[in-house]
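*Asks:* sequence first, then the predicted structure, then my questions.
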Amino acid sequence: MDAIADGGNSATALAIQGLARDKKRIFLISGPGSSDLTGKQCSPYGFHFTYSTYAEASAVTKALLKQKDDSWFFLTADYAFGHALERDASNFVTKAGGKVLGAVRHPLGASDLSSFLLQAQNSKAKVIALANAGGDTVNSLKQASEFGIGRTADQHIAALLMLITDVHSLGLQAAQGIIYATSFSWTQSDATRAFGKRFMARRRGQAPTMIQAGVYSGVMHYLKAVQLAGTDDADAVAAAMRKLPVNDFMTQNARIREDGQVLRNMFLVQVKAPNESDGPWDYEKVIATVPSDEAWRPLEEGGCDIAMGATR
């Protein structure tokens with residue numbers, strides 16, 4: 001085996017990262033979001049292709065803080081990803097002069113989140129921030145809607161990580177207006193639309209998420225690097241991956257930094273209202289582009305040992 005792609009969740013990926021570093025195997029990270037993967041637990045063979053808790057938290061919190069949403073309460077999934085997302089978002093809130101009024105952590109995959117949501121509501125925070133993902137995010141939003149939580153002028157809900165498949169599960173009527181960050185929206189350009197249509201033809205009409213697009217991007221970049229290096233030796237391929245710009249359907253001329261972070265632009269998207277959608281899976285509209293030099297954590301702040309020489 002030469003390479004591993006995707007990586008599951010953040011807790012799994014952090015374990016894979018250590019193993020891949022010890023065994024000198026390339027790790028192409030897409031689904032896992034913990035910013036620790038390019039921080040204190042970075043690897044010369046690990047490449048973070050799609051998003052991070054830092055980038056997601058940065059885009060969403062800064063957008064809401066501009067709207068004077070300056071008091072926050074976190075509903076957090078109790079595992080590595082949720083912890084990292086809460087940590088990164090809390091840092092942005094406090095640095096901007098906002099207040100974190102509290103946090104509550106729920107088990108991964110919890111079916112009943114009502115007590116956690118009521119604690120968040122009772123905090124009187126302007127923003128109830130969901131530091132979770134997937135089914136947990138969908139359940140949080142559905143149950144919040146049932147209880148009328150986060151639907152007032154004084155308090156609303158922010159999803160710190162959301163995918164287009166989560167929007168699909170909720171439906172546009174329930175999800176409309178939600179703002180979240182992504183590195184890929186399949187309707188944003190001719191190139192992304194072409195990729196999306198190819199993907200949907202193979203997946204019974206389901207649109208690609210940023211994670212699925214990121215896996216494809218990572219594998220293609222890895223194969224280009226193998227071709228350039230003329231070998232599958234991990235050290236040679238890792239060097240070639242950092243030398244080559246990432247050019248594909250979702251990114252043009254993105255650089256891979258010393259810590260393994262792929263420096264893409266991020267996009268702030270808003271879920272369309274039902275009358276704005278042109279058809280199945282036409283759910284997102286890009287409302288802002290976050291340039292790569294603003295989206296990702298500065299190299300010197302990550303604590304990556306293999307990158308420290310580049311910052312001195």
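*Replies:* Now that the structure is in, tell me what you want to look at. What you see is a predicted model, and the numbers here were worked out from it, not measured in a lab.
*Asks:* how many neighbours does Pro291 have?
*Replies:* Using other CB atoms under 10 Å, Pro291 has 11 other residues around it. Bear in mind the C-beta positions are built from the backbone N, C-alpha and C, glycine included.
*Asks:* same check, this time on the one 3 residues further on
*Replies:* Neighbour count for Glu294, taken as other CB under 10 Å: 13.
*Asks:* specify the local secondary structure of it.
*Replies:* Under DSSP: H, G, I helix; E, B strand; the rest coil, Glu294 falls in the helix class.
*Asks:* ok, the closest residue to it other than its chain neighbours to Val286 distance?
*Replies:* Of all residues not flanking Glu294 in the chain, Ser58 sits nearest, at 7.4 Å (CB to CB, 6 or more residues apart in numbering). Distance of Ser58 to Val286, given as CB to CB, to the nearest Å: 17 Å.
*Asks:* looking at those two, which is more packed in?
*Replies:* Taking neighbours as other CB under 10 Å, Ser58 and Val286 compare with Ser58 leading, 22 against 14.
*Asks:* confidence score at the more buried one?
*Replies:* We have a pLDDT of 92 for Ser58.
*Asks:* can you check Gly303 too?
*Replies:* 95.
*Asks:* isn't it up against Gln41?
*Replies:* No. The criterion here is CB atoms under 8 Å, and Gly303 misses it with Gln41 at 9.2 Å.
*Asks:* higher neighbour count, these two?
*Replies:* More crowded of Gly303 and Gln41, by other CB under 10 Å: Gln41, with 19 against 15.
*Asks:* give me phi/psi at the more buried one?
*Replies:* phi -110, psi 30 (degrees, to the nearest 10).
*Asks:* let's verify the closest residue to Ser43 other than its chain neighbours: helix, strand, or coil?
*Replies:* Distances taken as CB to CB, 6+ apart place Arg21 nearest to Ser43, at 3.9 Å, with adjacent residues excluded. The three-state assignment at Arg21 reads helix, by three-state DSSP.
*Asks:* ok, now which ones touch Ser111?
*Replies:* Taking CB atoms under 8 Å, 6 or more residues apart in numbering, we find Ser111 in contact with Asn139.
*Asks:* quick check: Gly82 touching Val104?
*Replies:* No. Using CB under 8 Å, Gly82 is not in contact with Val104; the gap is 11.0 Å.
*Asks:* mutual contacts of the two, please.
*Replies:* Taking CB under 8 Å, 6+ apart as the contact rule, Gly82 and Val104 both touch Thr76.
*Asks:* for the two, indicate the residue with more neighbours.
*Replies:* Between Gly82 and Val104, Gly82 has the larger neighbour count (other CB under 10 Å), namely 30 against 17.
*Asks:* and the helices in the stretch 51-200 of the chain?
*Replies:* 53-65, 80-95, 114-122, 134-147, 164-170, 172-175, 190-202 (DSSP state H, counting those that start in this stretch).
*Asks:* tell me which of these is the most buried.
*Replies:* Most buried of these by mean neighbour count (mean count of other CB atoms under 10 Å) is helix 53-65; its value is a mean of 24.
*Asks:* that one packs against which elements?
*Replies:* When contacts are defined as 3 or more CB pairs under 8 Å, 6 or more residues apart in numbering; DSSP states H and E, helix 53-65 packs onto helix 80-95, strand 155-159, strand 179-182, strand 266-271, strand 284-290, helix 292-295.
*Asks:* so how far is that helix off the chain centroid?
*Replies:* Here helix 53-65 shows a centroid-to-chain-centroid distance of 11 Å under the convention CA atoms, centre = their mean, to the nearest Å.
*Asks:* helix or strand with the lowest mean pLDDT in this protein?
*Replies:* One helix or strand of the chain scores below all others by mean pLDDT, DSSP states H and E: helix 308-311, with a mean of 61.
*Asks:* residue contacts, Thr231?
*Replies:* Thr231 neighbours (CB under 8 Å, 6+ apart): Val237.
*Asks:* ditto for Ser185
*Replies:* Ile164, Thr192, Met210, Phe267, Val269, Glu284, Val286.
*Asks:* need phi/psi at it.
*Replies:* phi -130, psi 120.
*Asks:* that one and Gly109, how far apart?
*Replies:* Counting by CB to CB, the gap from Ser185 to Gly109 is 27 Å.
*Asks:* dump the contacts of Ser185 into JSON lines; add pLDDT as well.
*Replies:* Output for the contacts of Ser185, formatted as JSON lines (pLDDT from 0 to 100):
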{"residue": "Ile164", "pLDDT": "97"}
{"residue": "Thr192", "pLDDT": "97"}
{"residue": "Met210", "pLDDT": "97"}
{"residue": "Phe267", "pLDDT": "94"}
{"residue": "Val269", "pLDDT": "93"}
{"residue": "Glu284", "pLDDT": "96"}
{"residue": "Val286", "pLDDT": "93"}
